[in-house]
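build me a model:
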Amino acid sequence: MSLGAWIISILLVNMALLAGPAPTLHQTTIKVGAWVDDASRHNFGVRVNIETHTYNMTPDSLQYFWVGDDLSNGAFIQFGYALEPGIDCLQGTVTSGILTCQENSEPIANSDARWQWQYWPNSSKPNFYFEIGPRGSGGANATSQEYTILPSPSGTWDFTINGTTVAETNFPVSPSTEPALIIAEGTIANESSPLGPVRFSGLSYFDGQEWKSVDSLIAVTYCDLIATCVANQYGVTSTGTDSIVVGSGATRAPNDTLLWSLAEETLQVQVHPGLQFLVATTIATQPYYGYATLKVPKGMFAYISLPQAETGTTGILGLFGGKDHFNGWMGAVKSSNLSVQVLMNADENVTANWTTDTTVPTAVAVSTAIILLVLSFTLMRRRSLKHKRGV
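Modelled structure (predicted):
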């Protein structure tokens, strides 16, 4: 889901689901958490442990702690627990800000943590389906629950907590397109408003055959009032292997920076002597000349880009105008594109292939040979004439 869609989601949930005063205009929507490594793309389900943290909140606010995926059918799916005090509809749809309730509404206490899923058929539009669990279904304070989004045997999405199915849907399963997300988000009245903190740990994804642990986590920090967001106290901090604390009191890592990685893999790139090229990773984008050896967080993409498909050849042919033409990549990736990406699940090697064009050097050589032949013939003719004259 785009950041704009995230903003819309929180505002609509507050306006449509709360049967109380509308949120005040000075509220800010905060989102902090982590992207998962690139290896989690194309997954068919995600799960994570979320530690419940309950506290008193005002009836015009919502805080939601979830795991989610952008799907290849254009939808977005998320599941976790929320603090959402007020009189709330427990199941329904929101279409362009208009709520259609399909179940009863009931009062939710200001510290009542309940599970909640949302499904957005088109993540670029403000329309979504939702369901909220019964009282206390998000677990007691300081307890950890495993939230799972997974395919059912019938090919639709199910939601489980600690291995028990709590909700079933009719939405068709579709693989993800982007890395999975773990996020804490909420409407914040001022900088002293709490957001958690909440611990996420044990994140894994289903590749269609088995559940796999993640190898790297990258910071996500965003809000709809950028100046406030930069100054606020909400952050995301790595606390060890595949574990982060998000919200109040956590160190605010810059957006898209590496929080944690299981290991670093070595990437070796061989391009062309002296030719500048770029390699971009989650750590840095850096130019190299001819070749490069660098470390990349495990499970992440490295992006390699050539500036051109033609360059001067080396050696004596280059002195006479010889050109090398890019002929594609070999090794960890096979492509004829100038820019490629390499998934770093292990040490990898990538080499650029070139074909030498000798047209210009050959023409120069032929022209030089003709000139030499003409000069030689002329010189021989002059010597012959001198001989005949007895000179």
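
got the contact list for the nearest residue to residue 334 once chain neighbours are set aside?
Nearest non-adjacent residue to residue 334, counting by C-beta to C-beta, 6 or more residues apart in numbering: residue 328, 7.0 Å away. The way it works is simple: take the backbone N, C-alpha and C, and place the C-beta from them, glycine included. Taking C-beta atoms under 8 Å, 6 or more residues apart in numbering, we find residue 328 in contact with 334, 335, 336, 352, 353.

which one of the residues you listed has the most neighbours?
Ranked by the number of neighbours (other C-beta atoms under 10 Å), those place residue 352 first, at 22 neighbours.

wouldn't that residue be in contact with residue 290 here?
No: with contact defined as C-beta atoms under 8 Å, residue 352 does not count as touching residue 290 (10.2 Å).

now the residue nearest to residue 334: which helix or strand?
strand 323-331 (DSSP states H and E).

which residues does the closest residue to residue 291 other than its chain neighbours bridge with?
Spatially, and ignoring its direct neighbours in sequence, residue 291 is nearest to residue 270 (5.0 Å; C-beta to C-beta, 6+ apart). Taking DSSP bridges as the rule, residue 270 bridges to residue 291, residue 351.

mind pulling up the pLDDT for residue 270?
Predicted confidence (pLDDT) for residue 270: 96.

residue contacts, it?
Counting by C-beta under 8 Å, 6+ apart, residue 270 makes contact with 290, 291, 349, 350, 351, 352.

quickly note the distance from residue 130 to residue 172.
For residue 130, the distance to residue 172 equals 18 Å [C-beta to C-beta, to the nearest Å].

all helices of the protein, in order?
Along the chain, counting by DSSP state H, helices occupy 3-17, 226-231, 315-319, 359-388.

returning to that earlier point: and which of the contacts of residue 328 is nearest residue 103?
residue 335 (51.1 Å; C-beta to C-beta).

just the pLDDT for the residue nearest to the closest one when sequence neighbours are not counted.
Leaving aside its chain neighbours, residue 335 sits nearest to residue 329 (5.1 Å; criterion: C-beta to C-beta, 6+ apart). Residue 329 is assigned a predicted lDDT (pLDDT) of 97.

which sections of the stretch 51-200 of the chain are below the confidence cut-off?
Within the stretch 51-200 of the chain, the stretches with pLDDT under 70 are 60, 188-191.

so for residue 130 and residue 172, which residue has more residues nearby?
Taking neighbours as other C-beta under 10 Å, residue 130 and residue 172 compare with residue 130 leading, 24 against 13.

so who does that one touch?
13, 17, 91, 92, 93, 94, 116, 117, 118, 119.

hmm, try it at 6 Å
residue 118 (C-beta atoms under 6 Å, 6 or more residues apart in numbering).

and it, what are its bridge partners?
With DSSP bridges as the rule, residue 130 is bridged to residue 92, residue 118.

now the strands for the stretch 51-200 of the chain?
63-70, 76-83, 86-89, 91-95, 98-101, 105-108, 113-120, 127-132, 144-151, 156-161, 164-172, 181-188, 198-206 (DSSP state E, counting those that start in this stretch).

nearest to residue 257, of those?
Closest approach to residue 257 among the strands of the stretch 51-200 of the chain is made by strand 181-188 (15.6 Å; C-beta to C-beta).

re earlier: could I get the contacts of residue 270 as TSV with distance to residue 65?
Output for the contacts of residue 270, formatted as TSV (distance: C-beta to C-beta, whole Å):
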residue	distance to residue 65
290	48
291	45
349	41
350	39
351	45
352	45
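
need the residues you listed in TSV with distance to residue 75 and pLDDT, can you?
Output for the contacts of residue 270, formatted as TSV (distance: C-beta to C-beta, whole Å; pLDDT from 0 to 100):
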residue	distance to residue 75	pLDDT
290	45	94
291	43	95
349	38	98
350	34	98
351	40	97
352	39	96
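
wait, residue 50 touches residue 64, no?
No: applying C-beta atoms under 6 Å as the test, residue 50 and residue 64 come out as separate, 10.8 Å apart.

which one of the two has more residues nearby?
Each of residue 50 and residue 64 has its neighbours counted (other C-beta under 10 Å); residue 50 has more, 31 against 21.

so who does residue 36 touch?
Taking C-beta under 6 Å, 6+ apart, we find residue 36 in contact with 179, 180, 214.

how much space between residue 114 and residue 330?
From residue 114 across to residue 330, the span is 54 Å (C-beta to C-beta).

ok, now residue 146?
According to C-beta to C-beta, residue 146 stands 43 Å off from residue 330.

ignoring the adjacent residues along the chain, who's closest to residue 181?
Taking C-beta to C-beta, 6+ apart as the measure, residue 181 lies nearest to residue 68, with 5.1 Å between them; neighbours along the chain are not counted.

and residue 112, by the same measure?
Among residues not flanking residue 112 along the chain, residue 135 sits closest, at 5.8 Å (C-beta to C-beta, 6+ apart).

over to residue 324?
residue 354 (4.1 Å).

ok, now residue 123?
Using C-beta to C-beta, 6+ apart, the closest residue to residue 123 is residue 76 (3.9 Å).

quick check: that neighbour touching residue 118?
No: applying C-beta under 6 Å, one finds residue 76 not in contact with residue 118, separated by 8.0 Å.

how close does the residue positioned nearest the centre of the chain sit to residue 201?
Of all residues in the chain, the one closest to the mean position by C-alpha atoms, centre = their mean is residue 179, 5.0 Å from it. Counting by C-beta to C-beta, the gap from residue 179 to residue 201 is 17 Å.

look up how far residue 132 lies from the residue nearest to residue 123.
Distance, residue 76 to residue 132, by C-beta to C-beta: 18 Å.

tell me what the nearest residue to residue 69 once chain neighbours are set aside is bridged to.
Closest residue to residue 69 apart from its sequence neighbours, by C-beta to C-beta, 6+ apart: residue 176 at 4.2 Å. Bridge pairing for residue 176 (DSSP bridges) gives the partners residue 71.

check the burial of residue 176 by counting its neighbours.
Residue 176: 23 surrounding residues under other C-beta under 10 Å.

just residue 29 next, same as before
By other C-beta under 10 Å, the residues close to residue 29 number 22.
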